[in-house]
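J.: I would like to see how this sequence folds:
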Amino acid sequence: MQGRAVRFVDANQVDWGIVEVPEPGPDDVVVDVRYSWISPGTEGSFLRGERTAGDTPYEPGDPWPFPRVPGYQKTGVVRSVGERVTNVAVGDWVFGSVSRVQYGLDAMGGHVSPAVTPQDQIWKLPEGLSPEAASGLVLVQVGYNCGTRAPVSIGEWAVVIGDGLVGHWAAQTLAWRGARVIMLGHHAPRLERLVAAGSVAVNTTDEPALEAVQRLAQGKVAVLVDTAGSVPAVEALLPTLKHNGHIVSAGFCGTEGRIDIQKLRLGEIALHCPSGWTRKRMDETLALLGSGWLDTESLITHRFPAERVAEAWQQIVLHRTETLGVILTWE
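T.: Prediction:
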C-alpha cells in the first residue's frame, strides 16, 4: 500500500512524496489524516541531523539518520480497523501518534496518510474537541509531563525557561496546579501568547533572567523547568531555587547535557528528566484538553497544506520569532 508523507531526505532537505506503508494487521487502525502538528524542536533537531532516534544524539561514526518520515502526532478519521481492535470504530475521529512506514532507516513515522497505526497509539477524541486542536497531543503531553513532575503548592513560584510550545503547555499545567509562573524567553510575539492564569512573561532581552526572577520570586522558586535545553541557563538560576527545590529538564541537550551534581546537593535540589509519552499521561492530557483546562488553539500561528511542507519549514527556520504552532492540513 502506498501513502503520502513528509520526507526528510537529507540534512535540511524536506519534501512531500510517496512512501510505502505496510498492510494493516489485526491490531492496527488505518486513519485518513486531516491534521498533523509539526514539532519544531524535535523534528527540527532530526532535520539538522542532530539525533538518530528519540533522545539519542547523533555522534560521528553513527549511521547517517536519513532518509526518514518525521513526526509523531496527527488527527483524522478511521478508515478501517483490524479484527482485534476494540477501542475505536470506522468513522471515529481519532488522534494517532507514530504509524508504520517503509521508508529509510525508521519503521515508524508521523506525517503520513493513510496512517497504519497500532491501536495502542490511537486515542478516540472526546465529543466537541476540535480535531485540529487535538492534533498536537503528544507535544501537549510533554508540557503536561513537565508541569506535573515536581511537587508544588498553591501560590508557590515556578519558572519556565523557553517560550516555545512545550514551555507554554508546561506553564499552563503549572498554573492549573496553582503555581505562580514566570516564563523566560526572548521572542516577544511568543511571550504575548502566554495564557496561563496568574503568570508573568519576562523578555530576557529587556531584563536579565536572574535579575527578573530574583525581583519577582525573591529567591523562593519551587520548580525550575528548562524546555530550551540550556544547562548554563539552569545553572545561572540555581540561586533562585528554595531549599529542596526541583529542576525539570525537558529540552534536548545533545552531547552537552552535563551538570555538576554537587551544585544541586548544596540545596538538596531534585532533578527530573521527563521524556517520551505514556498511555496514562496521554489520557490525562486529552481529558484536560477536552475540559478546556489546557489550550492549544491560541498557540497555532500558521497552517499549510501538507504538500507545502517545505514552505512550512521555511517559516519555522526563517521566522522563528513569530512562529509557534504549525499545522499541516491534509485532504
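J.: Pass me the low-pLDDT residue ranges in the stretch 201-331 of the chain, would you?
T.: For the stretch 201-331 of the chain, residues meeting the criterion pLDDT under 70 lie at 253-255.
J.: Please enumerate the strands of it.
T.: Under the criterion DSSP state E, counting those that start in this stretch, the stretch 201-331 of the chain contains strands at 221-226, 241-249, 270-272, 300-305, 325-329.
J.: wait, which of the ones you listed is closest to residue 85?
T.: Minimum separation from residue 85 across the strands of the stretch 201-331 of the chain (Cβ to Cβ) falls at strand 325-329, 25.6 Å. Every residue, glycine included, has its C-beta placed from N, CA and C.
J.: List the neighbours of the closest one that are in contact with it.
T.: Applying Cβ atoms under 8 Å, 6 or more residues apart in numbering, the contact partners of strand 325-329 are 6, 34-38, 40, 111, 132, 135-136, 165, 296, 299-306, 309, 312, 315-316.
J.: Selecting buried members of these in ChimeraX, what would you type?
T.: Burial among the contacts of strand 325-329 is assessed by 16 or more other Cβ atoms under 10 Å; the matching ChimeraX selection reads:
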select :6,34,35,36,37,38,40,111,132,135,136,165,296,299,300,301,302,304,306,309,312,315,316
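J.: nearest residue to residue 331 other than its sequence neighbours?
T.: Spatial nearest neighbour of residue 331, chain neighbours left out: residue 305 (7.5 Å); criterion: Cβ to Cβ, 6 or more residues apart in numbering.
J.: ok, now residue 97?
T.: Nearest to residue 97 is residue 121, by Cβ to Cβ, 6+ apart, at 4.4 Å.
J.: and what of residue 302?
T.: Among residues not flanking residue 302 along the chain, residue 326 sits closest, at 4.8 Å (Cβ to Cβ, 6+ apart).
J.: OK, contacts around residue 293?
T.: Contact analysis of residue 293 by Cβ under 8 Å, 6+ apart lists 172, 176.
J.: circling back to that earlier point, mind checking which of the strands of the stretch 201-331 of the chain is nearest residue 188?
T.: strand 300-305 (13.5 Å).
J.: need the helices for the protein, in chain order.
T.: Per DSSP state H, the chain carries helices over the ranges 40-47, 137-148, 165-176, 188-191, 209-217, 231-237, 261-265, 279-291, 309-318.
J.: of all those helices, which lies closest to residue 250?
T.: Among the helices of the chain, if distance is taken as Cβ to Cβ, the winner is helix 137-148, at 4.9 Å.
J.: Give me the pLDDT value at the residue lying closest to residue 72 once chain neighbours are set aside.
T.: Nearest residue to residue 72, sequence neighbours excluded (Cβ to Cβ, 6+ apart): residue 110, at 4.2 Å. pLDDT, residue 110: 95.
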